[in-house]
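A.B. asks: below are the sequence and a predicted model for it; my questions follow.
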Amino acid sequence: MLGGHPDECPDIYAFFSPVTHVNTHCPPTLLIHGEDDTMAPVKATRVLCKRLAEEKVQTVMHILPQTDHAFDLILPKISPSAHNAFYDVERFLALMAGKQKAKEEQQKPGSV
């Protein structure tokens, strides 16, 4: 899909890698990955998380044990992994909303 193996065209692979584009202006990031994913190795998510942390980007990573690729697409109503991921998303969004609200409160005139 990218024109060859990563050894054959490393510049193209680097361009399409999210790790290449990490910088201090990245938004807070939630990473959820199945530990047993054979399509996208969990190592890649760990590398991305480390890179985001190096740039001091607020990041939450959850590696779901005994979970493969596309776990949220297969029977999501009964899949424990899918429920876990949905819960993680809700908690992450609530955390971000709470931080935004606190920031706005601090910026109001007359606040200490």
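C.D. replies: Received the coordinates, thanks.

A.B. asks: alpha carbons only for contacts and neighbour counts from here, please
C.D. replies: Noted.

A.B. asks: residue nearest the middle of the protein, spatially speaking?
C.D. replies: Central residue of the chain (C-alpha atoms, centre = their mean): L31, 2.3 Å from the mean position.

A.B. asks: correct me if wrong, but that residue is in a helix.
C.D. replies: No: applying DSSP: H, G, I helix; E, B strand; the rest coil, one finds L31 to be strand, outside a helix.

A.B. asks: do you know how far the closest residue to it other than its chain neighbours is from G3?
C.D. replies: In space, not counting the residues next to it along the chain, L31 is nearest to M61; the distance is 4.5 Å by C-alpha to C-alpha, 6 or more residues apart in numbering. For M61, the distance to G3 equals 31 Å [C-alpha to C-alpha, to the nearest Å].

A.B. asks: which one's more surrounded, the two?
C.D. replies: Counted by other C-alpha atoms under 10 Å, M61 and G3 do not tie: M61 has more neighbours, with 16 against 9.

A.B. asks: what helix or strand does that one sit in?
C.D. replies: strand 59-64 (DSSP states H and E).

A.B. asks: what's downstream of that strand, the next helix or strand?
C.D. replies: Counting by DSSP H and E, the element after strand 59-64 in chain order, helix or strand, is helix 80-107.
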